[in-house]
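# The amino acid sequence is not available; the structure is as follows:
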Ligand SMILES: C[N+](C)(C)CCCC[C@H](N)C(=O)O
Ligand SMILES: O=C(O)CCC(=O)C(=O)O
Ligand SMILES: [Fe+2]
């Protein structure tokens with residue numbers, strides 16, 4: 001009866017596990033023994049239905065702030081933030097999780113307006129803020145996005161009129177840096193202008209937000225169409241949209257481009273929001289989205305030019321999603337560097353090709369293409385886990401410099417400035 005009443009109060013489909021109807025003689029509440037507590041909802045106060053809880057055989061069920069949460073007892077013991085279990089100075093757990101009895105059950109439960117109190121069999125008491133529980137529960141996390149973003153096509157990006165940040169304000173003020181990072185996190189691309197067109201000045205920019213990720217291309221790279229490396233990037237040919245270093249187990253997080261010189265025609269840069277395209281695939285053909293997120297593929301870089309000998313292999317699906325909320329966090333798309341497919345049986349491979357075709361069609365829609373001409377003084381930062389880049393064929397002498405950045409360190413800088421990243 002109470003079950004139905006709560007269901008309508010909270011507007012959620014409610015179900016009781018069979019276990020919950022069993023008596024739990026060991027349960028205590030409000031320091032009083034509550035013999036049949038497992039089959040009963042408890043409220044902070046009779047008139048306040050903000051919070052209600054129910055103890056089951058192997059978990060605690062809690063409703064707070066319109067969220068229904070289920071907590072495993074070992075999880076609850078593991079997340080005790082008392083001084084003996086957790087070091088608040090270092091923000092590190094000191095409890096040895098492996099010492100927790102996997103069959104542990106609290107022997108008493110109490111909830112007041114803000115806090116849940118559990119008493120464990122050895123008498124240890126854990127307090128959990130109710131807000132903390134909502135924020136840190138699986139159910140709470142599932143409703144959250146990890147990375148708030150604005151997905152764009154050319155029109156959306158242009159309409160947004162995202163400003164470039166001035167080099168001095170980027171280097172010298174937290175506001176400038178924060179503005180830049182906010183845009184970068186939202187759109188996956190951002191520009192800094194009035195940069196002195198040298199490799200050294202570009203390096204200073206990069207170091208302002210992150211650590212430079214040194215790779216087989218060096219730390220800061222400089223390149224022109226001299227085929228000094230065995231890759232199409234080092235020619236004058238057009239390059240279709242792609243992400244870089246798909247052949248690393250962890251593709252580079254961010255790519256910085258700064259065009260130092262171009263005396264000639266063509267050579268515009270193409271940018272496409274891979275997450276926008278993937279979202280279209282999810283809407284039109286969820287099965288294909290799923291296939292692209294499940295089928296692992298190899299990408300490969302085999303180089304034997306001059307003194308450069310490299311063989312890199314990275315394995316992973318085209319679309320990488322967080323399993324708990326299906327949120328996309330990395331697209332690995334490079335048709336040049338995709339290796340022989342030998343990780344997929346023939347019938348799946350055919351469906352994979354169809355899914356790849358759907359995604360490619362979205363990525364190639366002209367309305368999704370943002371074309372920009374990189375000029376000396378204007379540095380471009382690209383989220384290489386999200387935004388694809390390419391270039392138009394060109395004539396004449398063209399020199400680009402740049403580097404890759406470690407992703408964790410960009411996000412670290414952003415978080416320290418108060419941004420969600
Ligand atoms: C940027 N830089 C010129 C140094 C390297 C280019 C790497 C090209 C490679 N095909 C890839 O897509 O990863
Ligand atoms: O030349 C360009 O504009 C970009 C080439 C490229 O894709 C790269 O360097 O990663
Ligand atoms: Fe590239």
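Everything's here; your move. What you see is a predicted model, and the numbers here were worked out from it, not measured in a lab. Numbers count the residues shown, from 1 in each chain. Ligands and ions are numbered 1, 2, ... in the order given.
# Can you read off the pLDDT for whichever residue of the chain sits closest to ligand 2?
Nearest residue of the chain to ligand 2, counting by C-beta to the nearest ligand atom: residue 391, 3.6 Å away. (C-beta placed from N, C-alpha, C; glycine too.) As predicted, residue 391 sits at a pLDDT of 98.
# neighbours of the nearest residue to it once chain neighbours are set aside, just the number please.
Of all residues not flanking residue 391 in the chain, residue 239 sits nearest, at 4.9 Å (C-beta to C-beta, 6 or more residues apart in numbering). Neighbours of residue 239 under the rule other C-beta atoms under 10 Å: 18.
# about what we covered before: correct me, but the residue of the chain closest to ligand 2 touches residue 262?
No - at 11.0 Å, residue 391 does not count as touching residue 262 under the criterion of C-beta atoms under 8 Å.
# Around the closest residue to residue 236 other than its chain neighbours, how many other residues sit close by?
In this structure, residue 236 finds its nearest non-sequential neighbour in residue 225, 4.5 Å apart by C-beta to C-beta, 6+ apart. Residues near residue 225, counting by other C-beta under 10 Å, number 19.
# ok, residue 225 - contacts?
When contacts are counted by C-beta atoms under 8 Å, 6 or more residues apart in numbering, residue 225 touches 234-236, 394, 398.
# Spell out which residues sit in contact with residue 408, please.
Residue 408 makes contact with residue 253, according to C-beta under 8 Å, 6+ apart.
# Repeat the analysis, applying 10 Å as the threshold.
The contact partners of residue 408, by C-beta atoms under 10 Å, 6 or more residues apart in numbering, come to 210-211, 250, 253.
# Which secondary structure state does it sit in?
helix (DSSP: H, G, I helix; E, B strand; the rest coil).
# would you say residue 341 is within a helix?
No - residue state for residue 341 (three-state DSSP) corresponds to coil; a helix is not indicated.
# Now do it against ligand 1, distance only.
18 Å (C-beta to the nearest ligand atom, to the nearest Å).
# what are the phi and psi angles of that residue?
Torsion angles at residue 341 (phi, psi; degrees, to the nearest 10) stand at phi -90, psi 110.
# For residue 357, see how far away it is.
Distance, residue 341 to residue 357, using C-beta to C-beta, to the nearest Å: 14 Å.
# Equivalent analysis for residue 252, please.
Taken as C-beta to C-beta, the span from residue 252 to residue 357 is 27 Å.
# And for residue 173?
Distance from residue 173 to residue 357, by C-beta to C-beta: 47 Å.
# One more: residue 235?
27 Å.
# More neighbours: these two, which one.
residue 235 (14 against 11).
# where do the helices sit along this structure?
2-10, 73-78, 130-136, 138-142, 154-160, 167-172, 174-187, 199-209, 274-284, 286-294, 346-364, 407-416 (DSSP state H).
# closest one to residue 100 among the ones you listed?
Of all the helices of the chain, helix 73-78 sits nearest to residue 100, with 4.9 Å by C-beta to C-beta.
# So which bits of that closest one are buried?
73-74, 76-77 (16 or more other C-beta atoms under 10 Å).
# Now do the contacts for the residue of the chain closest to ligand 2.
Counting by C-beta under 10 Å, 6+ apart, residue 391 has contacts 233, 236-241, 257, 266-270, 371, 374, 398, 400.
# out of everything not next to it in sequence, what's closest to residue 349?
Distances taken as C-beta to C-beta, 6+ apart place residue 341 nearest to residue 349, at 6.1 Å, with adjacent residues excluded.
# so that neighbour makes contact with residue 315?
No - using C-beta atoms under 10 Å, residue 341 is not in contact with residue 315, being 11.4 Å away.
# Next, show the common contact partners of these two.
296-298.
# among these, who's most crowded?
residue 297 (22 neighbours).
# and the stretch 151-300 of the chain, which residues reach ligand 2?
The stretch 151-300 of the chain comes close to ligand 2 at residues 233, 239, 244, 269, as judged by C-beta under 6 Å from any ligand atom.
# and if we set it to 8 Å?
223, 233, 239, 242, 244, 255, 257, 259, 267, 269 (C-beta under 8 Å from any ligand atom).
# Tell me which two of these sit farthest apart.
Spatial extent of those (C-beta to C-beta) is set by the pair 242 and 259 at 18.4 Å.
# one step back: which member of the residues of the stretch 151-300 of the chain next to ligand 2 is positioned nearest residue 284?
residue 242 (22.5 Å).
# centroid residue for the chain?
Per C-alpha atoms, centre = their mean, the C-alpha nearest to the average position across the chain is that of residue 329, at 4.3 Å.
# got the contact list for the closest residue to it other than its chain neighbours?
Counting by C-beta to C-beta, 6+ apart, residue 329 lies nearest to residue 320, which is 5.7 Å off, once chain neighbours are set aside. By C-beta under 10 Å, 6+ apart, the contact set of residue 320 is 251, 292-293, 327-332, 385.
# Selecting buried members of those residues in PyMOL, what would you type?
In PyMOL, a selection of the buried entries from the contacts of residue 320 looks like this (16+ other C-beta under 10 Å):
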select buried, resi 251+292+293+328+330+331+332+385
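# Could you identify the most distant pair in the contacts of residue 320?
Across the contacts of residue 320 (C-beta to C-beta), the longest gap, 17.7 Å, separates 251 and 327.
# Mark which of the contacts of residue 408 are buried, thanks.
Buried among the contacts of residue 408 (16+ other C-beta under 10 Å): 210, 253.
# what's around residue 291, how many residues?
22.
# so it touches residue 317, yeah?
Yes - if you go by C-beta under 10 Å, residue 291 and residue 317 touch, sitting 8.8 Å apart.
# so what's in contact with the two at the same time?
residue 352.
# For the protein, what lies in contact range of ligand 1?
Going by C-beta under 8 Å from any ligand atom, the residues of the chain near ligand 1 are 215, 217-218, 221, 223, 229, 231-234, 242-247, 255, 301, 334, 336-337, 400, 402, 404.
# Sort out which of the residues you listed are in strands and list them.
221, 223, 242, 255, 301, 400, 402, 404 (DSSP state E).
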